[in-house]
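> Here is the input, now give the coordinates:
(one chain, ligands or ions: 1)
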Amino acid sequence: MSVNQILTVGGALAAVTVYLLYKIGHYLAKVLEALATAAVVFLALWFAAKGLVLAVVWAVRHWRTTTTVAVVSAWCWWWGWLSLLLTLTAVTVVLGVWRVTSLPSFDHWAGRHLRSWWQRWLVYAPRMPRWLRSVGLTVPDRGGATVIQVNPLRRTATAPRERPRRDQLPRILSVRSGPSWDEVKVRLVAGQTPEDFDTAARALAVARGVNRCQVRELSPNVVSIDYQRRNLLDAVVTAPDLDAMAGLPGDAIDLDRVLSGATEYGTPWRQSIRGSHTLIGGATGAGKGSLMWTPLLSIAPAIRDGLVRVNGIDPKGMELAYGRDVFHRYAVTSKDALALLDDLVEQMEARKREHAGTTRLVPITTETPLEIVEFDEIGALLRYVGDRKTREAITERIALLTTQGRALGFTVRGYVQEPTKDTVPVRELFPRRICLRVASKSHVGMVLGDQAYDRGAWANRIGESEPGVGYLFGEGVREPLRVRAAWVPDDAIKALERFVTAPSPDPARRPAPVLPFRPGTPALPAGGAA
Ligand SMILES: Nc1ncnc2c1ncn2[C@@H]1O[C@H](COP(=O)(O)OP(=O)(O)OP(=O)(O)O)[C@@H](O)[C@H]1O
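Numbering: from 1, shown residues only. From the prediction side, this is the model:
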């Protein structure tokens, strides 16, 4: 083959090859283009479907917001924004007038829902994640290793970002806003326990800028973080009105729900006066007197009709002496106190013999009345006053009454200034404890138990201007409840005396006689043994 022929064939082959490559490239480009288009369409559809699902979930979960947005949009579409503005102004004025004229009904039907809504969207939804992160209530991903870069000039270390993912941050389930408390329900994430939240209660309160925050466990993985926005216990609580009870028969009084004051939620504080023994601790002037007198005022008809007998031990000879006639038995000195307790223990034994095997709870009747022992300054008689033998005997009687008296109709209520184990050796035998203002954090634990302070019972921070305010803890109350006893002025105590010694409206019932139990017992001499 000549050179020319070779060149011609080679050129033709090259041309065919280029043509083929061109064609292949052309088709490949088309295929890739088609694939890219398909991928883009698929991704667009995927994101659109995902966005739609998320929007539907969000719209259903926050149905109130969705409905409002829908109604507002529809209104603007059909009637324009001006009519919407006018209507909203009219509604605001109506709500304002309603609020001014009847706050309770406004709050019940409208106020609390509106408040919950805006508290959620303006306060908790935007800020809670940051608070939780700052107090360490997230589960950060600590798995990533620190990357160290070295170059001739310097060495840098980059730690992985510890910003939690969605599944590492507790989620807000709902917000309920009452007149003074917000209850924020959150779902815990794996790796957290309700106790983590208990421990962080103080830090959560500081983060929110409120005085009090407490945590309630609602289910194993849901807690309610309660923030106190306002203190509803700063005003004096008025005592029950005796005149209103004058016509009530004694058996109309529910001894399991005795009105004693108000709770921090703004609700009446009711406690059972039978079936439990209560220890009340508080520094001098903390208001122990009102915790004693308020329940007695509330059950006055039952005392008058002989269904309840109140027995007073008053080492100071002051607090109970002012209402002496309310007490069926009354003692000041340690010897008298022992005699009083002996008498009660004897009665308890008699009831035990009479009712053993027939009932598990002795009914409260005039034959077997509820015997309440009001033991003021219990620490004094158990620790400081009288000879050692008498003190031990008193301690033993108190232990008997508190361990066996519940079902037999005996209730002991002790009041103490210094709640140490030394002063009240039987303090564990009081299932219900109330701690008023105390001098130190350690006293809170001594009255309410070790857990109480961490759970929000900050009784050492109660101000001197808040007598009667205290924390109730134990006996089924899982979170410390802040309460304020109603204030019972001196004339109310005198009125109570007259009330319980007056004849019953029911002629079948005779007033309970006041036993001449060492009347006029002299006040205890200073530091004196009885
Ligand atoms: N629930 C209350 N509401 C308003 N003020 C109260 C209340 N309870 C008590 N106070 C006020 O606090 C003062 C002291 O109360 P109280 O005598 O009951 O204290 P206390 O704890 O018994 O003190 P102490 O142990 O020294 O007898 C009362 O004189 C009264 O002014």
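> check contacts around the residue of the chain found nearest the ligand.
Per C-beta to the nearest ligand atom, Gly468 is where the chain lies closest to the ligand, at 2.2 Å. Bear in mind the C-beta positions are built from the backbone N, C-alpha and C, glycine included. By C-beta atoms under 8 Å, 6 or more residues apart in numbering, the contact set of Gly468 is Val236, Val237, Gly261, Ala286, Gly287, Ser290, Leu291, Leu436, Arg484, Ala485, Ala486, Trp487.
> and with 10 Å instead?
Gly468 sits next to 233, 236-237, 261-262, 282, 286-291, 294, 436-437, 462, 483-488 when contact means C-beta atoms under 10 Å, 6 or more residues apart in numbering.
> now do Gly281
Contact analysis of Gly281 by C-beta under 10 Å, 6+ apart lists 288, 378-379, 414-420, 423-424, 427, 433-438, 443-444, 446-448, 459, 470.
> just to revisit the earlier point, which among the contacts of Gly468 end up buried?
Neighbour counting over the contacts of Gly468 (16 or more other C-beta atoms under 10 Å) leaves 233, 237, 261-262, 282, 286-291, 294, 436-437, 462, 483-488 as the buried ones.
> filter those residues down to the ones close to the ligand.
Subset of these in contact with the ligand: Gly282, Ala286, Gly287, Lys288, Gly289, Ser290, Ala485, Trp487, counting by C-beta under 6 Å from any ligand atom.
> Among these, name the ones in helices.
Among these, the members found in helices (DSSP state H) are Lys288, Gly289, Ser290.
> Turn these into JSON lines, columns for distance to Pro179 and pLDDT.
Formatted as JSON lines, those follow (distance: C-beta to C-beta, whole Å; pLDDT from 0 to 100):
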{"residue": "Lys288", "distance to Pro179": "28", "pLDDT": "93"}
{"residue": "Gly289", "distance to Pro179": "29", "pLDDT": "92"}
{"residue": "Ser290", "distance to Pro179": "23", "pLDDT": "94"}
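> pLDDT at Val223, what is it?
Looking at Val223, its pLDDT reads 93.
> hmm, I was thinking of Ala74
pLDDT, read off for Ala74, is 94.
> neighbouring contacts of whichever strand or helix holds it?
Using DSSP states H and E, Ala74 sits in helix 63-79. With contact meaning C-beta under 10 Å, 6+ apart, helix 63-79 is reached by 55-56, 58-60, 62, 81-84, 87-88, 113, 116-117, 120-121.
> Now the buried members of the residues you listed.
Among the contacts of helix 63-79, those that count as buried by neighbour count (16+ other C-beta under 10 Å) are His62, Ser116, Trp117, Arg120.
> Weed out the non-buried ones from the contacts of Gly281.
Here, 16+ other C-beta under 10 Å leaves 288, 378-379, 414-419, 423-424, 427, 433-438, 443-444, 446-448, 459, 470 buried among the contacts of Gly281.
> Okay, and which of those map to strands?
The strands, defined by DSSP state E, take in Gly414, Tyr415, Val416, Arg433, Ile434, Cys435, Gly470 from the buried ones among the contacts of Gly281.
> how long is stretch 407-421 from one end to the other?
End-to-end distance for stretch 407-421, by C-alpha to C-alpha, to the nearest Å: 26 Å.
> Tell me the gap between that stretch and the middle of its chain.
24 Å (C-alpha atoms, centre = their mean, to the nearest Å).
> rewinding a little: name the nearest of the buried ones among the contacts of helix 63-79 relative to Tyr19.
Of all the buried ones among the contacts of helix 63-79, Tyr19 sits closest to His62, with 63.5 Å by C-beta to C-beta.
> So which bits of the protein are right by the ligand?
Applying C-beta under 6 Å from any ligand atom, we find that the chain lies next to the ligand at 236, 282, 284-290, 319, 417, 467-468, 485, 487.
> residues contacting the residue lying closest to the residue of the chain closest to the ligand once chain neighbours are set aside?
The shortest distance from Gly468 to any non-neighbouring residue, by C-beta to C-beta, 6 or more residues apart in numbering, is to Gly287 (3.6 Å). By C-beta under 10 Å, 6+ apart, the residues touching Gly287 are 261, 280, 436-437, 462, 466-470, 484-485, 487.
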